[in-house]
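**Q** Kindly generate the corresponding structure for this input.
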Amino acid sequence: MLSSDTKRMKSKTKTGFTPFEAVVRPGRNKRLRTGFTLIEVLLAAGISALTLISAYSALRLGWISYKRMNSNSQAYQDLRNGLEKFAKELRNSFVFQAKDDNYKIHFSGKQREMSFSSLVPTRNKDGKTYTVLSKIFYKFEDNNLLRACLKEKDILIISAEPEYEVFLSNLAAVDFYYGKKSSLQELSWEESFDDKDTLPFAVRMKLTQKTDNLSAQPFTKSVILRRPDEGA
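**A** Just a heads-up that it's a prediction; the model follows:
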């Protein structure tokens, strides 16, 4: 004949076992409860939190690296475009002499600034491109290379003040050097040019670009202005 405890156990077995359901074993009067303890729950929560924090940190680091790389890439591309424009304007430079011989735009060069006359492409209101005579100014100031341009009739106004705009930004240094050809094989570089009747043989710009959390990047751009057969 089955005891009351054994009957109660069979009844529990038919209904199914759950982790927190009381179980009475035969021959024992002590009840046992199965399930997760508080320490186990806290440990599992801690491991889950550490996993989430690690995943978030890796994702955030990757996003910051991507933004930094993209920013530096864009700055490098802007620098390349600016140097190409700078070189093109220099190649088109010349000494401008007015018809009445009373006004001349000569090439003026110093270590941190220069000015010269050049032919610059411009668009009219209809969107057509044409070339105009201009006087171009460059100077380095407050970590920026600034550019100004006086066009057409404005270059004949001696009192006209150029309006500078940022041409290249985030620069640590910019220096201009002017090439003088002393012989067919030798070219010397000087920090200024003051000959009012001719152009320097070449112009060299050395600049150093700032980049985020990286060492400064130096660049050099040299532009020849005069043909070899024009002499020194």
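
**Q** Which of the helices and strands in the chain ranks last by mean pLDDT?
**A** strand 23-24 (a mean of 49; mean pLDDT, DSSP states H and E).

**Q** Does Asp154 touch Glu161 like I think?
**A** No: contact status for Asp154 versus Glu161: not in contact, 10.1 Å apart, counting by Cβ atoms under 8 Å. Where you see a C-beta, it was placed from the backbone N, CA and C, and this is true even at glycine.

**Q** These two: which is more packed in?
**A** Neighbour comparison, Asp154 and Glu161: the larger count goes to Asp154, with 12 against 8 (by other Cβ atoms under 10 Å).

**Q** can you tell me which residues contact that one?
**A** Contact analysis of Asp154 by Cβ atoms under 8 Å, 6 or more residues apart in numbering lists Lys135, Ala160.

**Q** Kindly report the same for Ile64.
**A** Counting by Cβ under 8 Å, 6+ apart, Ile64 makes contact with nothing.

**Q** Confirm that it sits in a helix.
**A** Yes: counting by DSSP: H, G, I helix; E, B strand; the rest coil, Ile64 falls inside a helix.

**Q** Retrieve the pLDDT associated with it.
**A** On pLDDT, Ile64 comes in at 70.

**Q** what stretches of this protein score poorly on pLDDT?
**A** By pLDDT under 70, the weakly predicted segments of the chain are 1-35, 65-72, 100-102, 182-185, 211-215, 226-232.

**Q** Regarding it, what is its longest strand?
**A** Using DSSP state E to define each element, the chain has its longest strand at strand 129-141.

**Q** Next, work out how far apart the residue positioned nearest the centre of the chain and Asp175 are.
**A** Nearest to the geometric centre of the chain sits Ala75, at 2.7 Å (Cα atoms, centre = their mean). According to Cβ to Cβ, to the nearest Å, Ala75 and Asp175 sit 20 Å apart.

**Q** Now do the strands in this protein.
**A** Under the criterion DSSP E, the chain contains strands at 23-24, 31-32, 96-97, 104-105, 108-109, 113-123, 129-141, 144-151, 165-168, 171-181, 187-190, 202-209, 217-224.

**Q** With just CA atoms, put the longest one into CSV.
**A** Coordinates of the C-alpha atoms in strand 129-141 are reproduced here as CSV (Å, rounded to 0.1, in the frame of the first residue of the first chain):
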residue,chain,number,x,y,z
THR,A,129,33.4,80.5,-69.3
TYR,A,130,35.9,83.2,-70.4
THR,A,131,39.3,84.4,-69.3
VAL,A,132,39.9,87.7,-67.6
LEU,A,133,43.0,89.6,-66.6
SER,A,134,43.4,89.5,-62.8
LYS,A,135,45.7,90.4,-60.0
ILE,A,136,46.1,87.5,-57.5
PHE,A,137,47.3,87.7,-53.9
TYR,A,138,48.3,84.9,-51.6
LYS,A,139,49.4,85.2,-48.0
PHE,A,140,49.8,82.9,-45.0
GLU,A,141,48.0,84.0,-41.8
